[in-house]
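> missing the sequence, but the structure's below:
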């Protein structure tokens, strides 16, 4: 199998839930004229129910299995912008596939900045249900280790979506010029 040229590789956004992977991903997709894929939305389509309901009725194990299937399939296609769920990158198989066939951007947000968003996202995230702020903080820092393996890290604190998206597009274009 021929190696996919850098310019055609799909781009994957990783990071903790609520950091803006979908919002920033959509902005980057628009700027690069690429299709945007939100893995959680694809899983919801497949099960025909929201993520919270999948967790409740079918279980996290079934969710993670489907997540892995869809991510691996999407990573193997070219020219996509892919947003993966906050917990996806904890699976080694997913990590390996994303890193070997795509360009992985870690969207990093400080705990203090993330905390300000909690009220906006807590109800839609099954992983956060029933947890104290201390437990959520522990999860936040524990997951940082999985996110530490990437091709590029973008700090999103105090930056607008457009600003972050443009920075990512500019850095991609520079890399494509340098390495093609």
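Cool, got the structure. Source: prediction; values computed, not measured.
> what ranges does the protein have for its strands?
In the chain, the segments counted as strands under DSSP state E are 10-14, 35-38, 80-83, 102-108, 152-155.
> from those, which stretch is densest packed?
strand 10-14 (a mean of 26; mean count of other CB atoms under 10 Å). (Each C-beta comes from the backbone N, C-alpha and C, glycine too.)
> now for that one, which elements pack on it?
helix 21-32, helix 60-75, strand 80-83, helix 92-101, strand 102-108 (3 or more CB pairs under 8 Å, 6 or more residues apart in numbering; DSSP states H and E).
> save these as TSV, and put in mean pLDDT and distance to residue 13 too.
Listed next are these as TSV, based on pLDDT from 0 to 100; distance: least, CB to CB, whole Å:
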stretch	mean pLDDT	distance to residue 13
helix 21-32	97	4
helix 60-75	95	12
strand 80-83	98	5
helix 92-101	96	10
strand 102-108	97	5
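> pick the most deeply packed of these.
strand 80-83 (a mean of 24).
> for the protein, which spans come out with low pLDDT?
1-2 (pLDDT under 70).
> quick one, what contacts the residue nearest to residue 46 when sequence neighbours are not counted?
Counting by CB to CB, 6 or more residues apart in numbering, residue 46 lies nearest to residue 66, which is 6.0 Å off, once chain neighbours are set aside. Going by CB atoms under 8 Å, 6 or more residues apart in numbering, residue 66 touches 43, 46-47.
> got a ChimeraX select line for the buried ones in those residues?
With 16 or more other CB atoms under 10 Å as the criterion, this ChimeraX line picks the buried residues out of these:
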select :43,47
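> can I get the contacts of residue 66 in TSV including distance to residue 79?
Shown next, in TSV, are the contacts of residue 66 (distance: CB to CB, whole Å):
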residue	distance to residue 79
43	22
46	22
47	27
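> out of the contacts of residue 66, flag the one nearest to residue 75.
Minimum distance to residue 75 across those is 15.0 Å, recorded for residue 43 (CB to CB).
> next one: the nearest residue to the closest one once chain neighbours are set aside from residue 91, what distance?
Distances taken as CB to CB, 6+ apart place residue 66 nearest to residue 43, at 5.3 Å, with adjacent residues excluded. For residue 66, the distance to residue 91 (CB to CB, to the nearest Å) stands at 12 Å.
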